[in-house]
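*Asks:* how would this look folded up:
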Amino acid sequence: MKAPRPDGEFPNTSFTSHPDASMIYLWILASYVLGSLPFGIIIARTCKGIDPRTAGSGNPGATNVARLCGLPWGILTLACDLLKGLLAVQISLYFSPDAWFHSACVLAVIGGHIKSCFLGFRGGKGVSTTIGALIPLGLPPLLCAVGCCVAVIAVSSFVSLGSLTLVSSLLIFYPLFDRFDLLPLAVVLTVLIFWTHRSNIGRLLRGEEKSWRKSRN
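*Replies:* Numbers count the residues shown, from 1 in each chain. The predicted structure is shown next:
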């Protein structure tokens, strides 16, 4: 047992106050591996015998799984992709209070989803995992951004446009909720998600993007 300090208090020896550097970097790597788990492919193959990489849009994300396998399986994929992001960042909060570390885990788990080590460094577009990863860092601004995303999808019927709206609106809502500490992360995420949606942006500009409503019919 540690001896008390002169003020009578025992020193704080918890893991979170003195995190081991090797464990910090190991968890960043683990976050990437967790993000690499291709739940869309696992679910589509197991439940319907379909590989979403070779059908529909060719993307293993929740939207394509929903188109190919049905809405319930798309929702399950969405939940799993969201959960892996949430777990990676939630656990990082117990390792260290450092914001850079939390942001690194956010980017690692999303990077794993986009460039999965299990899929030859290919993957999805990262939106579901982004939402899950940001939940532990600040729920109110994220809920506002998700609300904007849902509203845009409901009006336009384009999931891709809603996804772009989500990350873009974080640049507004984080400052409004006095979370300027998350603004650099939001900038990086906006650039990243716009990059993964560059083909969607091209189709939107040409009027060729698939409507969610039409794809269900």
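*Asks:* what residues does stretch 194-213 touch?
*Replies:* 57, 63, 114, 124-126, 153, 157-161, 163-164, 167 (C-beta atoms under 8 Å, 6 or more residues apart in numbering). (Each C-beta comes from the backbone N, C-alpha and C, glycine too.)
*Asks:* buried residues in that stretch?
*Replies:* Neighbour counts over stretch 194-213 (16 or more other C-beta atoms under 10 Å) mark T196, H197, N200, L204, E209, K210, W212 as buried.
*Asks:* now the two most distant members of those.
*Replies:* T196 and W212 (18.1 Å; C-beta to C-beta).
*Asks:* follow-up on the earlier one: just the contacts of stretch 194-213 now: which is nearest F180?
*Replies:* V167 (17.1 Å).
*Asks:* what's the helix or strand for that closest one?
*Replies:* Counting by DSSP states H and E, the element that carries V167 is helix 159-176.
*Asks:* cool, and P140?
*Replies:* P140 belongs to helix 139-156, assigned by DSSP H and E.
*Asks:* by how many degrees do that helix and helix 159-176 diverge?
*Replies:* 150 degrees (axes from the mean of the first three to the mean of the last three C-alpha atoms, to 10 degrees).
*Asks:* packing partners of helix 139-156?
*Replies:* Applying 3 or more C-beta pairs under 8 Å, 6 or more residues apart in numbering; DSSP states H and E, we find helix 139-156 packed against helix 127-134, helix 159-176.
*Asks:* just the buried residues of the contacts of stretch 194-213.
*Replies:* Judged by 16+ other C-beta under 10 Å, buried ones among those: 57, 63, 114, 124-126, 153, 157-161, 163-164, 167.
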